[in-house]
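Asks: sharing a model prediction with you, sequence too.
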Amino acid sequence: MPPPVGSALPLAPPTVPTVPPPPTDAAQARDQYQQAQRAAEALTEQWHAATDAHAAAETDAETAREAVEPAQEAAARAEADEEQYRGQLDVMALATFENGKLDQFDALLSSTSPQNFLDQMSALESLTAEHRVQLEEFEAKATAARQARADADAAVARAQQTADDAQRTADDIKSRKAAADVRIKDVEKMISRLSPAERAKLLSPDEGAPIGIVLGSGIGAKALAMAATKLGRPYVWGATGPGSFDCSGLTSWAFKQVGMTLPRSSSAQSQIGTPVSWNDLQPGDLVFYYSPVSHVGIYAGGGKMINAPESGDVVKYQTVSRSAFSGARRL
């Protein structure tokens, strides 16, 4: 899965639009329904984005937690090495302090010849060089221990921070879902007040599959074929199938059936794959509406797409709206 939602990011607080008074006629009901539907779509997108952010935060937190124990073990090993060298260094320092001032004089007095004196001095210099190596090794071990401990402390802090991020995002999901629930119920109430005839005018009919379109063999075309098996299934916000869907739930389900996992929200889906212009649309491309993106379908060819349009409606073919079109992606 691409990382469009990768780490948890701050999200704007959810807002619930003011509920208008009951409509007095069908035209007003239709206008209010469309406004409420768009508001519900936006809130649903916020909910999906928060859900994606929570999943990313949980992954980050788990990764951070897994890094803590190895970092602490590395720090313990480095500190043990430092202590071992510190003990050797203490012995060396004591011997140097007690004997160092007399070594050269003793060598002079005890030598039996000039050559013997030079040999003893050479041995002393070698000992001093050995001490110098030990000092350098100790300093390297001490530096490694300090860095390992700092890394371990940082890993602990990261684990705590990412866990806190995940919890904040989980709390955010609850508030966004509650806001979306309120708006969805408003939409459902508006639908229930319409007569069958008014509802038929409000919800466009299934326009049928495009004629004469030859599907390719790409993953998009395969996903389109899967989506077509769900024609007539009801739109239910937040649903991902197999019996009901919202818009991004349908596209996620269809692509998952052919081996590709998509982000959950339509806005996140609009960031993956290759951008496609209006004139270059091909069957299987993802088609997006509005700015910011809050609706997605799968292009079916002939100017039509399969999508789960809105509350009270079903999965069906519809003409792609040029005015609502905000982009497309090929996977």
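Replies: Now that the structure is in, tell me what you want to look at. Computed from a predicted structure; not experimentally measured.

Asks: so where do the helices sit in the protein?
Replies: With DSSP state H, the ranges of helices along the chain come out as 26-110, 114-192, 196-202, 219-228, 247-257, 266-269.

Asks: now the second one: average pLDDT?
Replies: Model confidence over helix 114-192 averages 68 on the pLDDT scale.

Asks: now swap in the shortest one and tell me
Replies: Mean pLDDT, helix 266-269: 92.

Asks: next one: the fifth one
Replies: When pLDDT is averaged over helix 247-257, the result is 97.

Asks: quick one, that helix and helix 219-228 angle?
Replies: Helix 247-257 runs at 120 degrees relative to helix 219-228, counting by axes from the mean of the first three to the mean of the last three Cα atoms, to 10 degrees.

Asks: for helix 247-257, name the packing helices and strands.
Replies: In this structure, helix 247-257 makes packing contacts with helix 219-228, helix 266-269, strand 295-301, strand 304-307, judged by 3 or more Cβ pairs under 8 Å, 6 or more residues apart in numbering; DSSP states H and E. (Each C-beta comes from the backbone N, C-alpha and C, glycine too.)

Asks: tell me which of the ones you listed lies nearest to residue 323.
Replies: Using Cβ to Cβ as the measure, strand 295-301 is the one of the helices and strands packed on helix 247-257 that comes nearest residue 323, at 12.7 Å.

Asks: partner strands of that closest one, parallel or antiparallel?
Replies: Strand pairing for strand 295-301, using DSSP bridges, gives strand 286-289 (antiparallel), strand 304-307 (antiparallel).

Asks: mind listing what's buried along stretch 47-66?
Replies: Judged by neighbour count (16 or more other Cβ atoms under 10 Å), stretch 47-66 contains these buried residues: 47-61, 64-65.

Asks: any figure for the gap between residue 284 and residue 55?
Replies: 26 Å (Cβ to Cβ, to the nearest Å).

Asks: pull the contacting residues for residue 216.
Replies: Residues counted as contacts of residue 216 (Cβ atoms under 8 Å, 6 or more residues apart in numbering) are 282, 283, 284.

Asks: the first one: neighbouring residues, count only.
Replies: Counted with other Cβ atoms under 10 Å, the burial measure for residue 282 works out to 16 neighbours.

Asks: pop out the phi and psi values for it.
Replies: When read as degrees, to the nearest 10, the backbone of residue 282 gives phi -130, psi 150.

Asks: that one contacts residue 220, doesn't it?
Replies: Yes - if you go by Cβ atoms under 8 Å, residue 282 and residue 220 touch, sitting 7.5 Å apart.

Asks: pull up the overlap in contacts between the two.
Replies: With Cβ under 8 Å, 6+ apart as the test, residue 282 and residue 220 both reach residue 330.

Asks: so which of the strands paired with strand 295-301 gets nearest residue 234?
Replies: strand 304-307 (13.2 Å).

Asks: neighbouring contacts of that closest one?
Replies: Residues outside strand 304-307 that contact it (Cβ under 8 Å, 6+ apart): 207, 209-210, 224, 227-228, 231, 247, 250, 287, 295-300, 315-320.

Asks: now, of those residues, which are buried?
Replies: Buried among the contacts of strand 304-307 (16+ other Cβ under 10 Å): 210, 224, 227-228, 247, 250, 287, 295-300, 315-318, 320.

Asks: quick one: contacts for residue 140?
Replies: For residue 140, no contacting residues are found, by Cβ under 8 Å, 6+ apart.

Asks: let's test this: mean pLDDT of stretch 217-230, rounded?
Replies: Rounded mean pLDDT across stretch 217-230 is 94.
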